[in-house]
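**Q** fold the stuff below for me.
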Amino acid sequence: MKGTNEVAARGRLMGMGKAFLPEGMTPRIEEAFDHMWPNIGAAVDDRADRFPGQTGWMYPDAAGTWQELSWDGFRDWAHRIACGLFALDIKPGEVGSISAGTSIRWVVADMAMSIVGITTNTIYPNTRKDDVEFILQDANSVAVFAQNDAIVEKITAIDTMKDQVRHIIVMEGTPSSGDPRIVTWDELEALGREYQAAHPNAVREAQNKTNHDTLATIIYTSGTTGRPKGVEMTHGNWTYEGVAWGANDTIYDRWIHYIWLPLSHGFGKCIILMGMYTGTINAIDGRISQIVPNLARLQPTFMCGVPRIFEKVRAGVLSAAPEGSPKRKIINWAMEVGEESFPYRSRKLAMPSALALKYKIADKLVYSAIRKQLGGNLKFLISGSAKLNPALQRWFFNVGIPLLEGYGVTETSAVTYYNRPQELRFGSVGKIIPGSAARIDPETGEILIKGQCVMRGYHNDPELTARLVQDGWFHTGDIGYLDKDRFLYITDRIKDVIKTSNGKFVSPSEVESALTAHSTAISQAVVVGEGHKFCVALISLDPDWVKQWCTAHDCAGLDYSQAVKLPEVRRAIQKDVDATNATLSRWETIKRFAILDAEMTVDDGTATPTLKIRRSHAIEHYKGLIDSLYKDEQQVTGPQPQ
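**A** This next block holds a predicted model:
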């Protein structure tokens, strides 16, 4: 490994101001950094030049049939779309937005813009109209890739954008609108072919003008409070993520990576560039309903996701067998065996012979069937975007599929920490991306990050940038600690810690995670208690669980809002709340709760497009209900149902 002075010098070269000591450096990673791609276009070229005919992508076509696409075929497609944009007089340095679900066309559109220096702005397809208007205006977007007619209608209805947004490219179907700005995907490709024939060097010339400092992406954070903030990510941010994680000996050539994550989030962009470095085959399909069928069909090697999806997988397995049935009893027994064996297996210790035999039987009867249902080839799963409940992580580990937790925020390129499978440490989010560094603020416990993963700044907001990025250190707003081996543990958000009237501090995310971990029914929870004597919870139920419960209890005709009002349903949830309370400290326990008559969503402002709960908005939205939970507060001494 190079000397400390050389490594510190690299920190200066990475634009970090004063020298700092990057973490996780190895000779292999040093060598990878020495040959880092100069821009995103070079990343696309790297695979296409070295392995032109090799399959790099798999995707379903319009009929649902899976197709394969080579690395050079992908590059040709992206170049053609880039030329189509040039034909529409969209220039390098301008901004083009994508508002669509995850698909191969999403990736092609993004890469086409990145290759020629057009900045990509990502907009979740379920973003509310007023936020879409704000984002388009703030980013100064001149073109929008819109997935379908519904999104086209949302954009064309924004009168203030009629002059600014010059083109709307419809990615699927035939648009019904007669808006003259509309171009179909096929028409864009045709324009690209013509332009490419007339200007064969246009793409290469534009690509050669981009470098690490060129603005690649503006991602507007979901905004759990207030308006979304535009995060500026450069080509250097993304190529660094791809190379640093790709050279980290975790993911390998020819592995199949199943991608369904929303690509509007930085997590998706990062793992695609990791795949370009390592040579994984990216199987891409954003349809949530197809996750389990696609796992069985594609038999991927690994998959990334968010905790809620993994919770649904676990709930689906458990709910497949009715409570009290012989099959459910066998599953429950197997899960008990998994918990009993966890202390041995998690530390790679030999189990007592009797326990080892029970685990072998449990694996044959239950665990192997679960693994087969999920494709049979998964080496691990990666969870990010929100805090992972330890019980959920243990559950997957017990069935033989390690669930690896990572951590990052949009401002630090999304994937900043990650538990590598060869050194998984439960409860932590792993070690930092090689080449960056972290420290904990001694006064507040806040996690600070420094390195090439840190954003260029907030779009049109230099004051906020200066406040949150000081001497290169980004202030994440998250609280945590580092152990002696530099593994990071997240405890909470600074703004979210609750202080009760008794002076006790409560981490709401910890309690919320405990609720979902102890219940296959609870899909969302918001814990409230600031300034109160005790904590209460707003709870949403999983619609699939409600449907199955109604079928099992001869009331299948009831809809969700009717079913959750049944006393029998409330008693079932009370049992789950009681089970959760048994694992918490006294001041953390939920004394009262309310079951909401609908899940929290983007539409009512209580959830972000990535399904994170906007706590302050939810508390404001349900203020009357929360007030009713605190009626006669001083008389409450123990857990009581509403």
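**Q** tell me the secondary structure at the most centrally placed residue in the chain.
**A** The residue lying closest to the centre of the chain (CA atoms, centre = their mean) is residue 385, at 4.0 Å. The local conformation at residue 385, judged by DSSP: H, G, I helix; E, B strand; the rest coil, is coil.
**Q** how near is it to residue 221?
**A** 12 Å (CB to CB, to the nearest Å). Every C-beta, even on glycine, is put in place using the N, C-alpha and C of the backbone.
**Q** distance check, residue 572 against residue 429.
**A** 33 Å.
**Q** more neighbours: those two, which one.
**A** Neighbour tally, residue 572 and residue 429, criterion other CB atoms under 10 Å: the higher count belongs to residue 429, 25 against 17.
**Q** where does the stretch 101-250 of the chain dip in pLDDT?
**A** Along the stretch 101-250 of the chain, the model assigns pLDDT under 70 to residues 222-226.
**Q** strands of that one, residue ranges please.
**A** With strands called from DSSP state E, counting those that start in this stretch, the stretch 101-250 of the chain shows them at 119-123, 141-146, 167-170, 182-184, 215-220, 230-234.
**Q** now distance to residue 291 and mean neighbour count too, for those strands, in a markdown table please.
**A** Shown next, in a markdown table, are these (distance: least, CB to CB, whole Å; neighbours: other CB atoms under 10 Å):
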| stretch | distance to residue 291 | mean neighbour count |
| --- | --- | --- |
| strand 119-123 | 21 | 26 |
| strand 141-146 | 24 | 25 |
| strand 167-170 | 26 | 23 |
| strand 182-184 | 29 | 18 |
| strand 215-220 | 24 | 24 |
| strand 230-234 | 27 | 23 |
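**Q** can you list the ones you listed in JSON lines and add distance to residue 458?
**A** Shown next, in JSON lines, are those (distance: least, CB to CB, whole Å):
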{"stretch": "strand 119-123", "distance to residue 458": "14"}
{"stretch": "strand 141-146", "distance to residue 458": "17"}
{"stretch": "strand 167-170", "distance to residue 458": "27"}
{"stretch": "strand 182-184", "distance to residue 458": "31"}
{"stretch": "strand 215-220", "distance to residue 458": "10"}
{"stretch": "strand 230-234", "distance to residue 458": "6"}
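**Q** and the ones you listed: which comes nearest residue 473?
**A** strand 230-234 (16.3 Å; CB to CB).
**Q** got the CA positions of that closest one in CSV?
**A** Output of strand 230-234 as CSV, limited to C-alpha atoms (Å, rounded to 0.1, in the frame of the first residue of the first chain):
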residue,chain,number,x,y,z
GLY,A,230,-31.7,19.6,-5.4
VAL,A,231,-28.5,17.6,-4.8
GLU,A,232,-25.8,18.2,-7.5
MET,A,233,-23.8,15.1,-8.3
THR,A,234,-20.8,15.2,-10.7
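**Q** show me what contacts the closest residue to residue 406 other than its chain neighbours?
**A** Computed as CB to CB, 6 or more residues apart in numbering, the closest residue to residue 406 that is not its neighbour in sequence is residue 418, at 4.1 Å. Contact analysis of residue 418 by CB atoms under 8 Å, 6 or more residues apart in numbering lists 245, 250, 382, 404, 406-407, 429-431, 433.
**Q** with residue 312 instead?
**A** 542, 544.
**Q** lovely, talk soon.
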